[in-house]
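A.B. asks: What would the 3D arrangement of this be:
(chains A, B, C and D)
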Number of protein chains: 2
Amino acid sequence: MGARQVDSAEAARLHELLMEVVRAAGLLQPDHTVAGHPVSLSQAFALHELDIDTPLSQRDLAERLRLEKSSVSRLAAELERQGLLVRERDPDNHRQYRLRLTDQGRAIHARMATTFHQQYECWVAAMTHSERAALLKGLPALVRVIRQHLH
Amino acid sequence: MGARQVDSAEAARLHELLMEVVRAAGLLQPDHTVAGHPVSLSQAFALHELDIDTPLSQRDLAERLRLEKSSVSRLAAELERQGLLVRERDPDNHRQYRLRLTDQGRAIHARMATTFHQQYECWVAAMTHSERAALLKGLPALVRVIRQHLH
DNA sequence: CCTGTCAGTTGTGTGTTACAACTAACCTTG
DNA sequence: CAAGGTTAGTTGTAACACACAACTGACAGG
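C.D. replies: Presented below is the predicted three-dimensional model:
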């Protein structure tokens, strides 16, 4: 019988905790710099996606960022204007682009990654070993169930 | 020797995981409804703060939401217009308000909480017992260290 | 009083997004 | 091989949430 009670309490706790994370990370403000670099949050995610998995079409990128194609069109245009990526047409299918980071784009991403890295190491160092282990086990599970119920 | 290597790898993993959560939760889109109710994310947080800890001045609320006072001014004005809160002047200090939810405001917050609750129960049910335990141990630790380094 | 500080408001500008209507490339089918 | 549908991307438009700066009114100490 206690099972539902426990689930219920855990759900409430999870709600509180995720709200705390959002607030503590300052995700309400439109932080127009990420890790000290003059890019928006979406732009930072885009750089990450393109550095990991290249080339991508704008449609692919839109799907990964869960943004509308028109938003991604302007996002990519802006990143291109800043010299962080190039938009070559795919020779096999002239409709779509093959988005690719420039050297400068990769450099910016690397610098951001380093900054984040230091931040995370700082955090990780302030946790106990078992807290780290718990987080690294719990978060993937969370991501998994969020994705599952996304459909 | 291995210690820094492990920390480093764990930091990178944490970075990936938090990016996943942000993306999976759709935090890039300006979700203009929360839990099916026509309020913004900031408004939802405001309702929560005011329901838990009342009365609050706008300055207090701004601090908790990490928003600028002018943003909170308009936020509160909008919530008042919708009949979700009242702004009484503090009799002891006529400069500041005492923000207080109306019955309707509390009702809306309760309905949102219920909707979230069902969502979270759904998620929690899709995790194993040990995953839940890990998350409930790891997340508070994460919030703690984020707050610490926020100073 | 007069001056400084504090809470809140208003004017203004910026940035990020969605939606809808469009163009151009491709593909299918009769 | 031409007609019509589909797909990738673009552009126009509007909504919205936020910050910053300049303001008003209330308070507090000399």
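A.B. asks: Quick check: residues of chain A near DNA strand C?
C.D. replies: Proximity of chain A to DNA strand C (CB under 7 Å from any atom of the strand) is limited to residues A:30, A:32, A:40-43, A:66-68, A:70-71, A:74-75, A:78, A:93-95. Yep, even glycine has a C-beta here, placed from its N, CA and C like the rest.
A.B. asks: ok, now with 6 Å
C.D. replies: A:30, A:32, A:40, A:42, A:67-68, A:70-71, A:74-75, A:93-95 (CB under 6 Å from any atom of the strand).
A.B. asks: So which of the residues you listed sit within helices?
C.D. replies: Counting by DSSP state H, the residues of chain A next to DNA strand C place A:42, A:70-71, A:74-75 in helices.
A.B. asks: same for DNA strand D: which of those are within range?
C.D. replies: Among those, the residues that sit close to DNA strand D (CB under 6 Å from any atom of the strand) are A:70, A:74.
A.B. asks: now the ones in helices among the residues of chain A next to DNA strand C as CSV including neighbour count and pLDDT?
C.D. replies: CSV is the format used below for those (neighbours: other CB atoms under 10 Å in any protein chain shown; pLDDT from 0 to 100):
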residue, neighbour count, pLDDT
A:42, 17, 92
A:70, 10, 97
A:71, 15, 97
A:74, 10, 97
A:75, 21, 97
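A.B. asks: Now render the ones in helices among the residues of chain A next to DNA strand C as TSV, adding distance to chain B.
C.D. replies: Output for those, formatted as TSV (distance: CB to the nearest CB, whole Å):
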residue	distance to chain B
A:42	5
A:70	13
A:71	9
A:74	14
A:75	10
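A.B. asks: Distance to residue A:52 for the ones in helices among the residues of chain A next to DNA strand C - can I get that in a markdown table?
C.D. replies: A markdown table is the format used below for these (distance: CB to CB, whole Å):
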| residue | distance to residue A:52 |
| --- | --- |
| A:42 | 16 |
| A:70 | 24 |
| A:71 | 20 |
| A:74 | 22 |
| A:75 | 17 |
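A.B. asks: how about the ones in helices among the residues of chain A next to DNA strand C, which pair is most distant?
C.D. replies: Put simply, by CB to CB the two of those set farthest apart are A:42 and A:70, 13.1 Å from each other.
A.B. asks: Let's have the residues of chain A next to DNA strand C in a markdown table, adding distance to residue B:20.
C.D. replies: Below are the residues of chain A next to DNA strand C laid out as a markdown table (distance: CB to CB, whole Å):
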| residue | distance to residue B:20 |
| --- | --- |
| A:30 | 21 |
| A:32 | 23 |
| A:40 | 19 |
| A:42 | 15 |
| A:67 | 16 |
| A:68 | 21 |
| A:70 | 25 |
| A:71 | 20 |
| A:74 | 25 |
| A:75 | 20 |
| A:93 | 30 |
| A:94 | 34 |
| A:95 | 30 |
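A.B. asks: quick one: low-confidence ranges for chain A?
C.D. replies: Scanning chain A for pLDDT under 70 picks out A:1-7, A:24-27, A:150-151.
A.B. asks: What are the buried residues along the strand ranked longest in chain A?
C.D. replies: In terms of residue count, the longest strand belonging to chain A (DSSP state E) is strand A:93-101. Neighbour counts over strand A:93-101 (16 or more other CB atoms under 10 Å in any protein chain shown) mark A:96-99, A:101 as buried.
A.B. asks: For chain A, just list every one of the helices.
C.D. replies: So, for chain A - with DSSP H - the helices run A:2-24, A:41-52, A:58-65, A:69-81, A:103-125, A:129-150.
A.B. asks: That concludes my questions; thank you for your assistance.
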